[in-house]
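# Provided below are the primary sequence and the corresponding predicted coordinates.
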Amino acid sequence: MAEVAEVSRAVEVPDAVFVERSRLVEGVRAYGLIVAMWLRSTMAYRASFAMTAFGNFAATGFDFVAILLMFAHVDELGGYTLPEIALLYGASGTAFGLADLVLGSMDRLGRRVRDGTLDTLLVRPVPVLAQVAADRFALRRLGRITQGLLVLGYGLVVLDIAWTPLKVVMIPLMLLSGAAVFGAVFVGGAAFQFFAQDAAEVQNSFTYGGNTLLQYPPTVFAKDLVRGVTFVVPLAFVNWLPALYVLGREYPLGLPEWVAFLPPVVAGVCWVLAGAAWRAGLRSYRSTGN
């Protein structure tokens, strides 16, 4: 009997892995189909799309205009020059823009929980996360990504960086890992809304607020805040730590140099935690009025 039990457990583990993989594939496929639907809807009115994308580009560009106005009166901000801050700004803006493009609709979950429209997603044979993430996919958010890339490009061109193969690899690694970290924060914030119902502003304080925070060097903030975004909500791994490695700058809090290579690991841990929070929140949902 013991041997039969061991064989049974051995069979169950691969089956569980297979189910998780199939659900992941199913979720990605469903996400792609929903996004394609919204893209067709968007491109049916191309002039409207062009205007909204440009509006998104211009609106987000005002953040960098504010930085330019500061440097019209000072040469450095927190010991950092304009091109160095442009690198920080561009890396954070691009990473956030990628996450916002893919998962920016997650902040609508609280409204769905409150008015009961989440129930319509639960009865469909598609993972709820994929449906919520792809809902009202907004291609206009490419304007934010474009603006971030332009500022990042300016910083990289103007700065006199002693390039090495590791520093070259660090740039795309920083953008993709940063987008993953922001994406995990989007999902974790949405999971919180299962309990708080409509708490989109709390979620936005960590996503949009975190993006604004990272546009400036860590030296302008109190050390307690820097510790919080390094060890609690690890937004510092989006751009501060990898970008400071590229710039050859001293890390905040006296951290060792190798932490600059941890963003992919941190992003993976964040997604594990965000996934667990999402599943817990979804299990706790009891429809509207309960």
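Perfect, thanks for sending it. Numbering: from 1, shown residues only.
# Show me the strands in the chain, by range?
Along the chain, no stretch is classed among the strands by DSSP state E.
# Report the residue spans of it with pLDDT below the cut-off.
1-20, 198, 288-290 (pLDDT under 70).
# how about 80 then?
Within the chain, the segments meeting pLDDT under 80 span 1-24, 196-202, 287-290.
# That one: helices as residue ranges?
In the chain, the helices defined using DSSP state H lie at 2-43, 46-71, 82-103, 109-115, 118-122, 128-134, 142-158, 165-196, 200-214, 223-227, 240-247, 263-284.
# Quick one: closest of those helices to Leu253.
helix 223-227 (6.2 Å; Cβ to Cβ). In short, each C-beta sits where N, CA and C put it, glycine included.
# The residue nearest the centre of the chain and Pro263: what is the separation?
With distances taken as Cα atoms, centre = their mean, Phe182 lies nearest the centre of the chain, 2.0 Å away. Phe182 sits at a distance of 11 Å from Pro263 (criterion: Cβ to Cβ, to the nearest Å).
# circling back: can you check which of the helices of the chain gets nearest to Pro234?
Closest to Pro234 of the helices of the chain, according to Cβ to Cβ: helix 263-284, at 5.1 Å.
# same for the closest one, what does it pack against?
Judged by 3 or more Cβ pairs under 8 Å, 6 or more residues apart in numbering; DSSP states H and E, helix 263-284 is in contact with helix 165-196.
# now for the helix it packs on, which elements pack on it?
helix 82-103, helix 109-115, helix 200-214, helix 240-247, helix 263-284.
# Pipe those into a markdown table and attach mean neighbour count and distance to Ala53 per row.
Output for those, formatted as a markdown table (neighbours: other Cβ atoms under 10 Å; distance: least, Cβ to Cβ, whole Å):
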| stretch | mean neighbour count | distance to Ala53 |
| --- | --- | --- |
| helix 82-103 | 25 | 11 |
| helix 109-115 | 20 | 25 |
| helix 200-214 | 18 | 19 |
| helix 240-247 | 24 | 27 |
| helix 263-284 | 16 | 27 |
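# got those helices as CSV, with distance to Ala162 columns?
Listed next are the helices and strands packed on helix 165-196 as CSV, based on distance: least, Cβ to Cβ, whole Å:
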stretch, distance to Ala162
helix 82-103, 14
helix 109-115, 45
helix 200-214, 24
helix 240-247, 10
helix 263-284, 21
